[in-house]
Structures are given as C-alpha cells and as structure tokens.
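Asker: Could you look at this predicted model? Sequence included:
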Amino acid sequence: MSQVQKGPPIDEKGAFKRFDSIFRDWIKADGSTRFIPEAGRYHLYVSYGCPWANRTMIVRNLKGLQKTISLDIVSYKRVEGGWAFHPELPGCTADTINGFSTLKELYRSQDDSYSGRVTVPVLYDKKNKEIVNNESSEIIRMLNTEFNEFCETEEQKKLDLYPEHLRAGIDAVNEWIYPSINNGVYRSGFAQTQEAYDGAVHELFAALDRAEEILSKTRYLTGSELTEADVRLFVTLIRFDMVYVQHFKCNRKRIIDYPNLWPYVRDIYQIPEVKETINMNHIVQLYYANMLHVNPFGIVPINPLIDFEEPHHRENM
C-alpha cells in the first residue's frame with residue numbers, strides 16, 4: 001500500500017477546516033450511560049506522533065491506568081487506508097484486540113459503509129466490540145474522573161486535572177488555545193492561500209505571546225496546579241521546534257526563544273509519566289515522511305539539538 005498523498009479538508013478560502021469527531025459516547029462511573037468503568041474492558045488506539053492522541057496517553061499515565069486500559073500504537077507510516085499497524089517498527093504495535101491491519105477496518109467494523117475520517121485516539125469497548133469515543137478532549141475527561149477506583153495510588157486517585165475551583169479558568173484558556181495554537185499550527189501548515197496562512201500564523205503567535213505572559217507569573221496556565229489545559233498546550237509545544245517551525249512554516253519564533261514557554265515545556269516533559277509518552281522519532285517521521293502535500297519528497301530533516309532535560313527552575317513559581 002502506498003503512502004497517503006491526499007491533502008486535508010480545505011474551505012473555499014484555502015483554509016484548513018477540521019471536522020468534528022463522530023463517536024461521542026461517555027463512560028460514567030455513576031451508571032448513567034451504557035458504558036461503565038471496568039478494569040480490562042477498554043482499550044486505546046493511539047499514535048505517538050499525533051498530539052491529540054498524546055493527550056490521552058499522558059492522562060492515562062498520570063492517573064495510573066496503564067493496567068486498567070490497554071493500549072495499541074499505530075505506525076508512523078501512513079498507508080492508503082490511513083493509520084496502519086506495523087509491529088515490526090520500533091515503538092509500534094499490532095492491533096492486539098481485533099487483529100486489523102489498519103484503523104480504517106476498526107471504523108468499518110462499526111459501520112461497513114463508513115466513509116468519514118479515520119482518526120486517533122480511539123477509546124474502544126472490548127466487551128461490546130464498540131467504539132466509545134474518538135474525541136480526545138472528552139476522552140481525557142473520562143480518564144480524569146471515571147476510573148478513580150482503578151488508579152494505582154492514592155495520589156493518582158486524588159489527582160484532578162479539571163478541578164471544580166479551576167474549571168472556569170481552564171475553560172477560558174482552552175477556548176483560545178485550541179483554535180489559535182493546537183489547531184493554529186495546522187491552519188498555518190495546511191493553508192493553501194497566502195490570506196489563510198497569514199491569518200492563521202499571526203493568530204498563532206499572538207496566542208503564544210499571550211501564553212508566555214501568563215507563564216511569566218504562574219508555573220502553570222491556571223496557577224500552581226497542573227491541569228488539562230497544560231496537557232493540551234504541552235502536546236503542541238513539544239512538537240513545535242521539531243516540526244511546526246519548518247514543516248508548517250511557523251517560523252517567526254521557536255519555543256526555545258521564549259523565556260517562559262521554553263522552561264514550561266521542560267517542566268512538564270520531565271514528569272516521568274509524561275516523558276514516557278514522547279517519541280520524537282515517531283513525531284518527526286509522521287509529519288515529514290507522510291504529509292506529501294506539504295513535503296512532496298518525504299525527506300525527513302535532521303532534528304535540531306534540543307535538550308528537554310535541561311533544568312527548568314520553575315518549582316517555586
């Protein structure tokens with residue numbers, strides 16, 4: 001099967017348009033939905049390269065749910081059917097649940113006429129052979145609250161990445177970070193007109209400046225506690241200098257040029273449960289070798305020398 005060369009969805013103005021996720025059911029510990037939390041029942045299909053999937057991997061680790069929710073990792077080599085399983089490649093797995101060779105087969109198992117986009121992450125119910133949800137922002141909230149009885153330690157059980165007293169602040173931050181930064185790098189990189197690119201990239205760096213200002217005063221986006229807002233921002237920032245600066249033409253500034261964003265990235269990266277989810281080879285390969293509409297020859301550049309282990313000195317903020 002050949003590499004994917006088809007480009008992303010573009011509107012009439014040449015701007016990237018992200019489609020909404022399709023599967024939106026919820027797992028609830030109170031029994032109010034068909035899906036209740038059970039050890040060993042649920043499975044995540046993820047990609048190391050994809051920032052949206054990376055969110056779910058981080059929260060799964062932070063909450064100590066590795067033994068409760070199993071995991072398969074798709075390949076960084078995309079094929080005609082989209083995401084594929086190449087267990088022979090380092091860091092990749094087979095589909096250990098269904099034995100499919102592509103993720104498209106999983107989607108088609110839910111509806112043999114399915115023709116929508118095939119995305120990661122996917123939260124899957126092994127018991128009912130059913131996709132529960134493929135929207136990362138909702139999956140991380142389920143992992144945050146609905147599996148507390150299965151957390152490995154009391155500290156993990158008490159960890160709340162969306163606490164009641166910070167929800168207004170988290171929601172407010174997410175409201176501009178998602179369109180302007182998380183999706184902003186894609187809007188910049190996938191733009192097919194100068195107008196679309198200019199608008200997206202200027203909005204992106206205005207938002208990065210805004211985050212920089214916040215982080216000059218507090219350790220995390222909403223204060224002294226790590227929250228889901230930080231997880232959501234981090235997955236974009238960790239990829240920024242490796243990929244987005246060059247590949248998506250987001251080159252006004254690098255993250256290492258920001259006096260607060262750069263230590264902030266290192267601060268979060270150095271959390272052991274977070275570091276385990278970062279695979280730079282997968283990240284770089286996924287973007288450069290597969291997005292041939294952006295990088296026609298699929299040449300993977302030499303990675304910049306960035307030391308994410310450098311002390312961040314943010315402990316006392």
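Answerer: Arrived safely.

Asker: any idea of the mean pLDDT in the helix or strand I131 falls within?
Answerer: Take DSSP states H and E as the rule and I131 turns out to sit in strand 130-133. Predicted confidence along strand 130-133 averages 97 (mean pLDDT).

Asker: got a list of contacts for stretch 226-233?
Answerer: The set of residues that contact stretch 226-233 without belonging to it, under Cβ atoms under 8 Å, 6 or more residues apart in numbering, is 55, 58-59, 137, 140-141, 144, 161-163, 166, 169-170, 173-174, 177-178, 181-182, 211, 220-222, 268, 271. Backbone N, C-alpha and C define where each C-beta goes, glycine included.

Asker: Can you flag which of the residues you listed belong to helices?
Answerer: When helices are assigned by DSSP state H, the members of the contacts of stretch 226-233 inside them are 55, 58-59, 137, 140-141, 144, 169-170, 173-174, 177, 211, 268.

Asker: could you pull out the strands for the chain?
Answerer: If you assign secondary structure with DSSP state E, the strands in the chain sit at 42-46, 70-73, 122-125, 130-133.

Asker: Note down every partner strand of the longest one and its orientation.
Answerer: With DSSP bridges as the test, strand 42-46 is paired with strand 70-73 (parallel), strand 122-125 (antiparallel).

Asker: how close does E310 sit to V284?
Answerer: Distance of E310 to V284, computed by Cβ to Cβ, to the nearest Å: 20 Å.

Asker: Also K67?
Answerer: As defined by Cβ to Cβ, K67 lies at a distance of 30 Å from V284.

Asker: now swap in N148 and tell me
Answerer: Going from N148 to V284 by Cβ to Cβ gives 36 Å.

Asker: got any ranges where the protein has weak pLDDT?
Answerer: Low-confidence regions of the chain, defined by pLDDT under 70, span residues 1-7, 11-14, 16-21.

Asker: could you say what helices and strands the strand holding I131 packs with?
Answerer: On a contact count with 3 or more Cβ pairs under 8 Å, 6 or more residues apart in numbering; DSSP states H and E, strand 130-133 meets helix 103-110, strand 122-125.

Asker: Determine which stretch of these is the most buried.
Answerer: Mean neighbour count, computed with mean count of other Cβ atoms under 10 Å, is highest for strand 122-125 among the helices and strands packed on strand 130-133, reaching a mean of 24.

Asker: contacting residues for I177?
Answerer: Remark: with contacts taken as Cβ under 8 Å, 6+ apart, I177 is in contact with 207, 211, 229, 232-233.

Asker: buried subset of those residues?
Answerer: 207, 211, 229, 232-233 (16 or more other Cβ atoms under 10 Å).

Asker: How many neighbouring residues does D209 have?
Answerer: The local packing count at D209 equals 12, with neighbours defined by other Cβ atoms under 10 Å.

Asker: quick one: it from H282, how far?
Answerer: When D209 is compared with H282 (using Cβ to Cβ), they lie 30 Å apart.

Asker: picking up where we left off before, ok, E310 and V284, which is more surrounded?
Answerer: Taking E310 and V284 together and counting by other Cβ under 10 Å, V284 has the greater number of neighbours (20 against 13).

Asker: sorry, back to before: do you know which of the strands paired with strand 42-46 lies nearest P301?
Answerer: In this view, the strands paired with strand 42-46 are compared for proximity to P301 by Cβ to Cβ, and strand 70-73 is the closest at 23.4 Å.

Asker: The closest one: how far from the chain's middle?
Answerer: Its chain's C-alpha centre lies 15 Å from the corresponding centre of strand 70-73 when counted by Cα atoms, centre = their mean, to the nearest Å.

Asker: Contacts for that strand, please.
Answerer: Taking contacts as Cβ under 8 Å, 6+ apart, the residues outside strand 70-73 that touch it are 40, 42-48, 57, 60, 85, 91-97, 126.

Asker: ok, so of the contacts of I177, who is nearest F23?
Answerer: Scanning the contacts of I177 for proximity to F23, where the rule is Cβ to Cβ, the winner is R232, at 19.9 Å.

Asker: all helices in the chain, in order from the N-terminus.
Answerer: According to DSSP H, the helices that the chain contains are 51-62, 103-110, 136-145, 154-158, 167-177, 184-189, 194-215, 228-239, 245-247, 261-269, 272-275, 280-290.
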